[in-house]
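Undergrad: sequence plus the predicted model coming up.
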Amino acid sequence: TGRSAESLLEGLNPQQREAVEHTGGPLLIIAGAGSGKTRVLTNRIAHLLATGQARPGEILAITFTNKAAAEMRERVEELVGPPARSMWVSTFHSACVRILRREHAALGLRSSFSIYDSADSQRLMQLVCRGLDLDPKRFPPKAFSKRVSDLKNELIDPDEFARTVSESNAYEANLAAAYRGYADRLRQANALDFDDLIATTVHLLQAFPAVAESYRRRFRHVLVDEYQDTNHAQYVLVKELAGVSTTGWEVPEGDATHGAPEPSVVPPAQLTVVGDADQSIYAFRGATIRNILEFEEDYPQARTILLEQNYRSTQNILTAANAVIARNPGRRAKNLWTAEGSGPKIIGYVADSDHEESRFVADEIDALGDSDGVKPGDVAVFYRTNAQSRSLEEVLVRSGIPYKVVGGTRFYERREVKDAIAYLRAIANPDDSVNIRRILNVPKRAIGDRTEGALAWFAERERISFGAAVERYEEIGMPARAAGAVGEFAELMSGLRELLEAGGSPAEVLDAALDRSGYLAELRASDDPQDATRVENLAELHAVAAEFTASDPDGDLVDFLERVALVADADQIPTEDGGDGVVTLMTVHTAKGLEFPVVFVTGLEDGTFPHQRSLADPDQLSEERRLAYVALTRARHRLYITRAAVRTAFGVPNELPASRFIDDLPTEVLEWRREESSMQTLRGGWGGGYGSRGGYGSGGGSRRSDDGDFSPAYGSGTRGESGGTGARGGRSDLTRSFGPRRTDASGGAGAAKAQADVPTLAVGERVTHDSYGLGTVVSLEGSGSSAVAKIDFGSGGTKRLLLRYSPVTKL
Ligand code: ATP
Ligand code: MG
């Protein structure tokens, strides 16, 4: 096995080649989507190995998901054979866990430390806030959790934060106290939260120079994919691992082996980072686009390589994506092009409702299968938020199209699975307070809040963990009944720990925990059908554990729990099984780095995508735009964009205007399969003065409607003075003139009548709405086609209505 170095350069363009062959100082590859960044990174690793510039053990490569890591390792293995196995290719979190499991002693952690997911850490924060007697309304634990996470990502520890806080600011002062309490409790529980994995590793490397040096000696090449989404802590981690001081890189050009800054005698590793500032979509998690924009400032000797040829998508798809991202201010312009040819046009579809949108997606997947041999596994459907998957699922189930939802209510977040995992964590780590408290009375074993409180109080007094307090319950002097119950629980746990120490596999320990605790028996005895599903999920968890042992016979319970803790959404993406595969449903965030022959981007409405909360904030809007760019650039051959005129969220139907991103798409790459919902056509006709897109433009004519018949556009309306704004994105009148399918008298007449009374609303006026009833206009914004009225419907709530679509009538 093994490929010649030369063959690793075959088929690459000159810039890609240069990136693969580069030696010396830091290398930044900055390029648009689909230009081969990940491929170059992979080939670069293989090339380093094939040319003998590096041994596999000297390579540390960071990817964004475990799945991407596995794929990269596999590809490198294909290229250079089994030695690839000793490379470290992993996510930031996995790499840190690996380092921390080896170096735990230096930090005073036991190697069995627990990893708290966000639910665990929120629960812990709740306990801490309760302990501090903080009013949850004024000082919400969830908000505190988020702030603490941000602080950790900025590498600000509790002491440092406390120093910056003035006592007169109650909120900040309490936050500082909660942060400290939270950190103490975590330590007591021998646990780390997700953010700690990174921050603690940084601390380890900074506080223990010998440890840092051993890793610097080891990793001579550090390569990072998706660099645009690293946060500050990750950024510093990379610098520490590569052995580059944060203040500057002091090595003379072309000489990486001498003159490294004191005190380390190890020269800096060769650092390669790859990213695209236009795809930075994790600012809300503390990622800073600055890391990539200022890389050259931070590393003055860095070589920067730009890649502009895209190998993934057709020109039409790229033209669309380029047009959307071009509107972001302050970006470095780049122009992606492809040699692939224009390909089919992007298909647009406007549905009446989210349900109908889903039906279009399902029908189209079916039709593509018949006409083009597209397999379910070729197709991905994206949405902005997880909640949007439900209606898609309903329709796909009914259509018999196999699919998988990636992310959302993840398997590991289900109650019964969390309970089972809590048992395992509590068994593996006797100090894991959050998980021990979770299962203390699950299933019910008559340990009430009072008893739990007594245990917590005792733990506090003795400065021991909650788990240790459980073991010493006899010293507390609880009432006999409570003591008896706690005693039984303590016995249960110690029996399970004995099983583990005797070499029980994760699956065996799991089975014993669920049996001996009575958890399974209780579910089995229940006649709630949900509980039957829960039993199935636990069986699935057993299968996961058994599979883990089969694939890694030396792996113990701690390893298994680590695997479980680090599954990311994208890791659940179905892999090719040789069959036709399944349609993948996921959020755009999860889709980063991936590609699919056919992509549907759904829910393109202002308020859905871009997200409602971004509409008033230019920075957030820029991030939404980058997200849209990521979405569009996942498609290889066919791209669909859809929206619903009315979307039901939390049971409330909302009328939403087209996404502003649709407006940016150049007309020549877009073909509307259906440009107006029938509802809009009928209602929209009402708003002639608002530049309605209702289809009575002066062009008249006819247009193919969604099911292929031709129907006349009704051309009687006069376009109001603001009609021009209705020609959104410069579409011609002709493409906008789409007639309603319903040519029956009632529909037509209704529409015609509606056109006649165009209300010019004023604040304070009384109106009626078909579904919401009587209301008062609270405020007005925008004009023309985007005029929006905020109307108070009393008990019906206050709604923001886009007048273009909304049949309100003045009283
Ligand atoms: P993203 O920004 O979405 O992460 P990327 O820049 O990492 O994209 P890759 O995923 O590496 O892009 O490449 C996109 C596609 O183009 C892949 O299918 C890859 O195999 C292919 N590709 C990259 N370079 C070449 C090349 N020189 N010749 C042929 N195909 C290529
Ligand atoms: Mg990539």
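TA: Structure received. Ligands and ions are numbered 1, 2, ... in the order given.
Undergrad: so which residues of the stretch 51-200 of the chain form strands?
TA: Remark: strands assigned in the stretch 51-200 of the chain by DSSP state E, counting those that start in this stretch are 59-63, 88-91, 114-116, 191-193.
Undergrad: parallel or antiparallel, which strands does the second one pair with?
TA: Strand pairing for strand 88-91, determined by DSSP bridges: strand 59-63 (parallel).
Undergrad: against ligand 2, how distant is Ile439?
TA: 41 Å (CB to the ion, to the nearest Å). For glycine as for every other residue, the C-beta is placed from the backbone atoms N, C-alpha and C.
Undergrad: tell me the contacts of the residue nearest to that residue when sequence neighbours are not counted?
TA: If the residues on either side of it in the chain are set aside, Ile439 comes closest to Ala422, at 4.9 Å by CB to CB, 6 or more residues apart in numbering. Going by CB atoms under 8 Å, 6 or more residues apart in numbering, Ala422 touches 435-436, 438-439, 442.
Undergrad: which non-adjacent residue is nearest the single nearest residue of the chain relative to ligand 2?
TA: The chain approaches ligand 2 most closely through Thr38 (3.3 Å), counting by CB to the ion. In space, and not counting its chain neighbours, Thr38 is closest to Asp225: 5.7 Å by CB to CB, 6+ apart.
Undergrad: burial count for that neighbour?
TA: 26 (other CB atoms under 10 Å).
Undergrad: and it, how far from Phe600?
TA: Distance of Asp225 to Phe600, computed by CB to CB, to the nearest Å: 26 Å.
Undergrad: how about His47?
TA: To Phe600, His47 is 37 Å away according to CB to CB.
Undergrad: got the confidence number for the closest residue to Thr63 other than its chain neighbours?
TA: The shortest distance from Thr63 to any non-neighbouring residue, by CB to CB, 6+ apart, is to Ala69 (4.5 Å). With respect to pLDDT, Ala69 has a value of 87.
Undergrad: pretty sure Ala69 contacts His93?
TA: No. Ala69 lies out of contact with His93 (CB atoms under 8 Å); the separation is 10.7 Å.
Undergrad: partners of the lengthiest strand in the chain, with directions?
TA: Longest strand of the chain, by residue count under DSSP state E: strand 635-649. Here strand 635-649 has these sheet partners by DSSP bridges: strand 346-353 (parallel), strand 596-601 (parallel), strand 652-655 (antiparallel).
Undergrad: close to ligand 1: what parts of the chain are there?
TA: For the chain, the contact set with ligand 1 under CB under 6 Å from any ligand atom comprises 11-13, 16, 31, 33-39, 276, 279, 311-312, 593, 595.
Undergrad: one more time with 8 Å
TA: 11-13, 16, 31-42, 225-226, 274, 276, 279, 307, 309-312, 592-595, 630, 633-634, 636 (CB under 8 Å from any ligand atom).
Undergrad: of those residues, keep whichever come out buried.
TA: Buried members of these, scored by 16 or more other CB atoms under 10 Å, are 12-13, 16, 31-42, 225-226, 274, 276, 279, 307, 309-312, 592-595, 630, 633-634, 636.
Undergrad: show me what residue of the stretch 601-750 of the chain gets nearest to ligand 1.
TA: Nearest to ligand 1, among the residues of the stretch 601-750 of the chain, is Thr633, at 6.0 Å (CB to the nearest ligand atom).
Undergrad: what is the burial count for Pro209?
TA: By other CB under 10 Å, 12 other residues sit near Pro209.
Undergrad: just the pLDDT for it.
TA: Pro209 carries a pLDDT value of 92.
Undergrad: could you check how far it is from His611?
TA: As judged by CB to CB, Pro209 and His611 stand 45 Å apart.
Undergrad: Ala468 too?
TA: Between Ala468 and His611 the distance is 45 Å, computed by CB to CB.
Undergrad: and Tyr116, by the same measure?
TA: Noted for Tyr116: a distance of 28 Å to His611, by CB to CB.
Undergrad: got a markdown table for the contacts of Ala422, with pLDDT, secondary structure and neighbour count too?
TA: As requested, the contacts of Ala422 are exported to a markdown table (pLDDT from 0 to 100; DSSP: H, G, I helix; E, B strand; the rest coil; neighbours: other CB atoms under 10 Å):
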| residue | pLDDT | secondary structure | neighbour count |
| --- | --- | --- | --- |
| Asn435 | 95 | helix | 28 |
| Ile436 | 96 | helix | 26 |
| Arg438 | 94 | helix | 20 |
| Ile439 | 96 | helix | 24 |
| Val442 | 94 | coil | 18 |
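Undergrad: pLDDT score assigned to Asn190?
TA: So, for Asn190, pLDDT stands at 92.
Undergrad: neighbours of Ala321, how many?
TA: Counted with other CB under 10 Å, the neighbours of Ala321 add up to 27.
Undergrad: any stretches of the protein with poor pLDDT?
TA: Applying pLDDT under 70 to the chain flags the ranges 1-3, 245-264, 408-410, 568-578, 679-759, 770-771, 783-786, 796, 804-807.
Undergrad: residue most distant from the centroid, it?
TA: For the chain, the largest distance from the centre (CA atoms, centre = their mean) belongs to Ala480, which lies 49.3 Å off.
Undergrad: in the stretch 451-600 of the chain, what residue is nearest ligand 1?
TA: Ligand 1 sits closest to Gly593 of the stretch 451-600 of the chain, with a gap of 4.3 Å, by CB to the nearest ligand atom.
Undergrad: what of the stretch 351-500 of the chain?
TA: Nearest residue of the stretch 351-500 of the chain to ligand 1: Ala380, at 13.0 Å (CB to the nearest ligand atom).
Undergrad: parallel or antiparallel, list what pairs with the helix or strand harbouring that residue.
TA: Ala380 belongs to strand 379-383 when assigned by DSSP states H and E. Note on strand 379-383: by DSSP bridges, its sheet partners are strand 583-587 (parallel), strand 596-601 (parallel).
Undergrad: contacts only, for the residue lying closest to Ala302 once chain neighbours are set aside.
TA: In space, and not counting its chain neighbours, Ala302 is closest to Pro26: 4.2 Å by CB to CB, 6+ apart. Residues in contact with Pro26 (CB under 8 Å, 6+ apart) are 244, 249, 270-273, 295, 299, 301-303.
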